[in-house]
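In: Got a sequence here, can you model it:
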Amino acid sequence: MKVGVIRCMQTEDMCPGTTDFKIIKEKKLAFEGVQDEIEIVGFISCGGCPGKKAVTRAAEMVKRGVDTIAFASCITKGNPIGFACPHAEKMKAAIIEKVGKDIVILDYTH
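Out: Modelled structure (predicted):
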């Protein structure tokens, strides 16, 4: 699995993504059951509200070999501050439309 993680730009100054990396390395939570090796190809922000840049950034990661896009839990669960992104579903739909349905989309990391 070659994964690209998209995180919330507003939380990147308070969260270095260490839990995301740990969960991926240990194949837990969203990555539980993955038998293949997991390579992190990209770890980027959404570009800020409302997340429009996430679409072109996801497409670029796919060009670079990503077969799975994972939304970091700061987007969908609001970790670490408890405020989920109000644009998450629209951002996800736009990414799927851009990259196609062959790319796996994970709704969270941890």
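In: From here on, just use CA atoms for contacts and neighbour counts.
Out: OK.
In: OK, contacts around the nearest residue to residue 104 once chain neighbours are set aside?
Out: Excluding the flanking residues, the one nearest residue 104 by Cα to Cα, 6 or more residues apart in numbering is residue 68, at 4.5 Å. By Cα atoms under 8 Å, 6 or more residues apart in numbering, residue 68 lies in contact with 1-4, 103-106.
In: let's go with 7 Å and repeat that
Out: 1-4, 103-105 (Cα atoms under 7 Å, 6 or more residues apart in numbering).
In: Looking at the residues you listed, which is nearest residue 14?
Out: Checking these against residue 14 by Cα to Cα gives residue 4 as the nearest, at 20.2 Å.
In: The residue nearest to residue 77 when sequence neighbours are not counted: neighbour count?
Out: Nearest residue to residue 77, sequence neighbours excluded (Cα to Cα, 6+ apart): residue 84, at 5.1 Å. Residues near residue 84, counting by other Cα atoms under 10 Å, number 16.
In: again, but for the one 3 residues further on
Out: For residue 87, the number of neighbouring residues by other Cα under 10 Å comes to 14.
In: before we move on, what about residue 28?
Out: Neighbours of residue 28 (other Cα under 10 Å): 15.
In: before we move on, the earlier item: just the ones of the contacts of residue 68 in strands?
Out: Using DSSP state E, the subset of the contacts of residue 68 located in strands is 2-4, 104-105.
In: Could you double-check that residue 66 lies in contact with residue 39?
Out: No. Using Cα atoms under 7 Å, residue 66 is not in contact with residue 39, being 9.0 Å away.
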